[in-house]
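Q: Sequence below, structure please.
(2 chains)
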Number of protein chains: 2
Amino acid sequence: MSHSNLKFIQREQLKVKPKASELGFGKYFTDHMFVMDYSTEQGWYDGRIVPYGPISLDPSAMVFHYGQEVFEGMKAYKTEKEGIVLFRPNMNVKRMNDSCDRLSIPQIDTEYVLSAIKELIKIDQEWIPEGDGTSLYIRPFIIATEPCLGVRAAKQYQLLVIMSPVGSYYKEGIHPVSIYVEDHYVRAVRGGTGAAKTSGNYAAGIKAQEVAKDLGYSQVLWLDGVENKYIEEVGSMNVFFKVNGEVITPELSGSILAGITRDSVIAMLRSWGVPVTERKISVEELFDAHQKGQLEEAFGTGTAAVISPIGSMKWEEQQIEIAGGEIGECAHKLYDSITGIQRGTLDDPFGWRQVVK
Amino acid sequence: MSHSNLKFIQREQLKVKPKASELGFGKYFTDHMFVMDYSTEQGWYDGRIVPYGPISLDPSAMVFHYGQEVFEGMKAYKTEKEGIVLFRPNMNVKRMNDSCDRLSIPQIDTEYVLSAIKELIKIDQEWIPEGDGTSLYIRPFIIATEPCLGVRAAKQYQLLVIMSPVGSYYKEGIHPVSIYVEDHYVRAVRGGTGAAKTSGNYAAGIKAQEVAKDLGYSQVLWLDGVENKYIEEVGSMNVFFKVNGEVITPELSGSILAGITRDSVIAMLRSWGVPVTERKISVEELFDAHQKGQLEEAFGTGTAAVISPIGSMKWEEQQIEIAGGEIGECAHKLYDSITGIQRGTLDDPFGWRQVVK
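A: Below you'll find the model as predicted:
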C-alpha cells in the first residue's frame, strides 16, 4: 500500500511538538490519525488518514452503554541503521482479532490495518521522539458506533489509530515498584474477558489501583477470580518470578492477557538457557519461596515499561523485599536486551524488528 | 428547579415523531437531552438541556480505552389521573452513585440530577407514547472524557440523559422465553463489577448471548464466576423461581445487579403473604425441584420487560419445560400489578409512583 491508494487528508496547519522533557505517557497526539468504518452491509470500508481531531458520535452509540470495544498498544522507534522500526506488530494486529472475537466485533484485515499503521507512521514520522527511552506509542482501537440501546452486538463500528510521542518510562533510572496483593477486587475471571484487550478489564481495575495508591503501593498484584489464590497480572502487566534459578510466570489460563513482551521474555530467557515454566503460581508459594530465601527476582512486563522490577510485595500481614529492593540481574539483562533490539542497537536474532521505512 | 435556573437551548426544528407501531426499543430519541460536565477543579458544572445530537470527543477520551462508564434505565408513563409519572426514580439515581463508587467516578447530586430529568421529561413530554405497553425510556449515563491514555481514574467526565419512546415489550401477548444455562462464559464475579451498572458487564455477555441465539434459545442464564454452579441473572435481568409455593431469588452477592423491579417484586410478593427468600440457588437444585414436580414458575425481572416468564431451560443435556411453557399465575399477577401501578390504573400502596407533572 502507498499513499496513492489510501485516502489521505493532510492537516493544514501542523501542531507544535512538545519538548522531549514534557512528553509523559499518552498526553500529546500527532497530526494525523487513521480511521475506518464498518457496517454489516459494507464490511470494513473507507480507510483514511485524516487530521487528528475530535470524533462525533450519537449519544446512543453502543460503546457508551455496552462497552463493545477492543484496543492495542505498540511502539515505533527511530534506529540508526534501519530507520523507523516496529516491535513484533503482527502479534498486535493478530491479538486485536482475538479480542474482537471475544467481544463479538467483526474481524479486521490484519495486513491492511498494519500497512495503514505504517503509512500513518511515515506521515507523522517527525513525531517520533529521539531522546533516550522515548518512542512513538501507537493505539489502534475499535468502538461500537451504532446508535441503539438494544443489548446485542452492534452493526456499525469505527476503527481508529492514534499516536502519541511518549517519554522515557525510567527518567531517573529503573526504580523497582512496591506491590499490593489485591485480595478483594478482581480484574477478570475465566470465562470472562480477561484474555481480551478490552476496556471493561481496565475499568474493573481502577478502584483497586486507587486503594493500593492510598496505602502507599504503586501497583496491584491481581489474583485469580475463582480461588483468590493464584497470581494473574500486576497492574496492567504480565508478571514473572525467578525462584531458585528457574523463571516462572502464570500460564495463559483464559483470564490473562497474552502479552507480546511476555512472549518475548520467555523466548529470550530460553535462548539463554534459563528454564522458564508457565504454570499456576499461588501467592502462598511465592511467600514461602521468599521465606526459604529462594525468591530471587520479580518483575512485570508490558509495552509501556518493557520490564518493571518489583522491589517489595505486601500480602495480608506480610511484607517482603525482593532482590534487596533493587533491579535483579535477570530483569536488568532482559531490559537491556529487549530495548536494545527495539532501538536497533543490538542484533535481532529473533527477527522481531519490522522496518517501517 | 424550574426552566429558569436550568440552562435550556431549545431545538429550532422539532423532529417528526415515529409511529407507535415502529417504536421498538432504543431506536428513536427525543428532541432534547440533558448534559453536565465534570472537572476536578469545578466538580459537576454547566448542567443544561440542549437539542439531542452528536457529542464530540477526543479519540483519546478515556471511555474509549478503559471503560469508565456507568448508566441507568428508567421509564416515564402518562397516567390518566396523575399526568406524567416515574417509577421509583430515587432508586435509579441512588444506584447510579453506587455504580460511580465502584468505577471511581465522582458522585452526582442525586436530587439535582433527578430534577433535571423531570425538567427534560416536561420539555419533551409530547414524546411519551400512549399506546398500550409503551413508555418513554430514560437513559442517564456518565462517560470519562479526559483525553489521556494513562490507566487511572479520569479527571473529566460528562453526564448525559437521553430519552427514547419505546414500544410494548409484549406486542402479541406475553410469551415465555427459552433459556440456555451458560456454563462457559461468565458475566461477572464477586470482587468484579457485576453489582454496578457499567458497560463492561454487558460487553462480557454479548458473545454468550449470540451462542445461545444460534442454538435457538432467547436468553442466557448466568452462573456465578467462582463455582459455575449458582444462578446469578438471566440475560440482563434478575431472576425468580417459584418452588413448592415459595419464591426464591439469588441473593445480592456482589456480582448481581440490585434491580429495582427485583426489589419491587419482593416487596409486592411479601405484601401478598407469599414467602420470598433471597439466597444462593444452584442450577442443580432447580433441576432437582423440576424432577420432583416442584418447580412451578420461573421469570426474569427488569425495567424493559418488567416480568419475563421463562418457559423452558436447557442445562448441559437436560431440557425442562416450566409452567407448561406458559406464563405462571404468580408472574402474571406480578406483571399486572406492577404495570398497573406504573400506568396509574391501580392504587399505589407502596408509594412507588412519582409525579413529574
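
Q: bridging residues for residue A:36?
A: Here residue A:36 sits in beta bridges with residue A:159, going by DSSP bridges.

Q: What about it, how many residues nearby?
A: By other Cβ atoms under 10 Å in any protein chain shown, the residues close to residue A:36 number 20. Quick note: C-beta positions are derived from backbone N, CA and C, even for glycine.

Q: do residue A:173 as well
A: 6.

Q: any idea how far chain B is from it?
A: 21 Å (Cβ to the nearest Cβ, to the nearest Å).

Q: Look at that residue and give its secondary structure.
A: Three-state call for residue A:173 (DSSP: H, G, I helix; E, B strand; the rest coil): coil.

Q: Touching the biggest helix by length in chain A from outside, list them.
A: In chain A, assigned by DSSP state H, the helix with the most residues is helix A:199-214. Residues outside helix A:199-214 that contact it (Cβ atoms under 8 Å, 6 or more residues apart in numbering or on different chains): A:67, A:69, A:71, A:180, A:182, A:184-188, A:193-194, A:218-220, A:222, A:235-236, B:63-69, B:102-104, B:151-153, B:192-193, B:198-201, B:203-204.

Q: Which residues of the stretch 1-150 of chain A lie near chain B?
A: Contact residues, the stretch 1-150 of chain A versus chain B (Cβ under 8 Å from any Cβ of the partner chain): A:25-27, A:29, A:33, A:52, A:54-60, A:63-69, A:71, A:102-104, A:137, A:139, A:141, A:143, A:147-150.

Q: ugh, wrong one, I meant the stretch 151-300 of chain A
A: Counting by Cβ under 8 Å from any Cβ, the stretch 151-300 of chain A sits next to chain B at A:151-153, A:160, A:162, A:164, A:184-193, A:198-207, A:209-210, A:225-228, A:235-236.

Q: So for stretch A:23-38, mean pLDDT?
A: Here stretch A:23-38 scores 97 as its mean pLDDT.

Q: so how far is that stretch from its chain's centroid?
A: Its chain's C-alpha centre and that of stretch A:23-38 lie 16 Å apart, by Cα atoms, centre = their mean, to the nearest Å.

Q: Repeat that for stretch A:148-156.
A: Centroid displacement of stretch A:148-156 relative to its chain, using Cα atoms, centre = their mean, is 27 Å.

Q: And the strands in the stretch 151-300 of chain A, which stretches?
A: A:156-166, A:177-182, A:219-223, A:231-234, A:238-243, A:246-250, A:276-279, A:295-302 (DSSP state E, counting those that start in this stretch).

Q: Out of those strands, which is closest to residue B:344?
A: strand A:156-166 (38.2 Å; Cβ to Cβ).

Q: For the closest one, enumerate the helices and strands it packs against.
A: In terms of contacts (3 or more Cβ pairs under 8 Å, 6 or more residues apart in numbering or on different chains; DSSP states H and E), strand A:156-166 is packed against strand A:32-39, helix A:110-123, strand A:135-144.

Q: how close does residue A:313 sit to residue A:283?
A: According to Cβ to Cβ, to the nearest Å, residue A:313 stands 9 Å off from residue A:283.

Q: Could you identify which of the helices and strands packed on strand A:156-166 is most buried?
A: Comparing these by mean neighbour count (mean count of other Cβ atoms under 10 Å in any protein chain shown), strand A:135-144 ranks first with a mean of 24.

Q: list the helices and strands it packs on?
A: helix A:63-66, strand A:69-71, strand A:74-79, helix A:89-102, helix A:110-123, strand A:156-166, helix B:63-66.

Q: ok, that strand: who's next to it in the sheet?
A: Strand A:135-144 is paired, per DSSP bridges, with strand A:69-71 (antiparallel), strand A:74-79 (antiparallel), strand A:156-166 (antiparallel).

Q: With mean neighbour count as extra columns, can I get those strands in a markdown table?
A: Shown next, in a markdown table, are these (neighbours: other Cβ atoms under 10 Å in any protein chain shown):
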| stretch | mean neighbour count |
| --- | --- |
| strand A:69-71 | 25 |
| strand A:74-79 | 21 |
| strand A:156-166 | 23 |
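
Q: now these as JSON lines including distance to residue B:254?
A: Listed next are those as JSON lines, based on distance: least, Cβ to Cβ, whole Å:
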{"stretch": "strand A:69-71", "distance to residue B:254": "25"}
{"stretch": "strand A:74-79", "distance to residue B:254": "36"}
{"stretch": "strand A:156-166", "distance to residue B:254": "32"}
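
Q: Out of those strands, flag the one nearest residue B:252.
A: Relative to residue B:252, the nearest member of the strands paired with strand A:135-144 by Cβ to Cβ is strand A:69-71, separated by 27.8 Å.

Q: Now that closest one: average pLDDT?
A: pLDDT averaged over strand A:69-71 gives 98.

Q: Run the chain-centre distance for that strand.
A: Between the centre of strand A:69-71 and the centre of its chain there are 12 Å (Cα atoms, centre = their mean).

Q: before we move on, what about stretch A:98-118?
A: 16 Å.

Q: what about it, average pLDDT?
A: Mean predicted lDDT for stretch A:98-118 stands at 98.

Q: who touches that stretch?
A: A:1, A:6, A:34, A:36, A:38, A:43-44, A:47, A:49, A:68-71, A:86, A:89-90, A:93-94, A:96-97, A:138, A:140, A:142, A:144, A:153, A:157, A:159, A:161, A:193, A:195-198, A:258, A:356-357, B:203, B:206-207, B:210.

Q: With stretch A:343-352 instead?
A: Applying Cβ under 8 Å, 6+ apart, the contact partners of stretch A:343-352 are A:77, A:79-82, A:85, A:87-88, A:264, A:267-268, A:271, A:337, A:340-342, A:353.

Q: Check the burial of residue A:62 by counting its neighbours.
A: 31.

Q: What does the pLDDT read for the residue sitting furthest away from the middle of chain A?
A: Centroid-distance maximum for chain A: residue A:292 at 33.7 Å, with Cα atoms, centre = their mean. Per-residue pLDDT puts residue A:292 at 97.

Q: got it, and residue A:310?
A: pLDDT, residue A:310: 97.

Q: So between residue A:313 and residue A:283, which is more surrounded?
A: Ranked by neighbour count (other Cβ under 10 Å), residue A:313 and residue A:283 place residue A:313 first, with 25 against 20.

Q: I'd like the distance between the residue lying closest to that one once chain neighbours are set aside and residue A:39.
A: Leaving out its chain neighbours, the residue that sits closest to residue A:313 by Cβ to Cβ, 6 or more residues apart in numbering or on different chains is residue A:179, at 4.6 Å. Note on residue A:179: its distance to residue A:39, by Cβ to Cβ, is 45 Å.

Q: Make sure residue A:197 is actually in contact with residue A:70.
A: Yes: contact criterion Cβ atoms under 8 Å: residue A:197 and residue A:70 qualify, at 5.9 Å.

Q: and for these two, which residues touch both?
A: A:96, A:99.

Q: hmm, back to that, and the contacts of helix A:199-214, which of them are buried?
A: Buried subset of the contacts of helix A:199-214 (neighbour count, 16 or more other Cβ atoms under 10 Å in any protein chain shown): A:67, A:69, A:71, A:180, A:182, A:185-188, A:193-194, A:218-220, A:222, A:235-236, B:63-69, B:102-104, B:151-153, B:192-193, B:198-201, B:203-204.

Q: In this structure residue A:37 contacts residue A:43, no?
A: No: using Cβ under 8 Å, residue A:37 is not in contact with residue A:43; the gap is 9.7 Å.

Q: neighbours around residue A:168, how many?
A: 15.

Q: ok, and the closest non-adjacent residue to it?
A: Leaving aside its chain neighbours, residue A:168 sits nearest to residue A:133 (2.8 Å; criterion: Cβ to Cβ, 6+ apart).

Q: Neighbours of the one you found, how many?
A: The number of residues near residue A:133, taken as other Cβ under 10 Å, comes to 15.

Q: How about residue A:171?
A: 12.

Q: Could you check how far it is from residue A:132?
A: For residue A:171, the distance to residue A:132 - Cβ to Cβ - is 9 Å.
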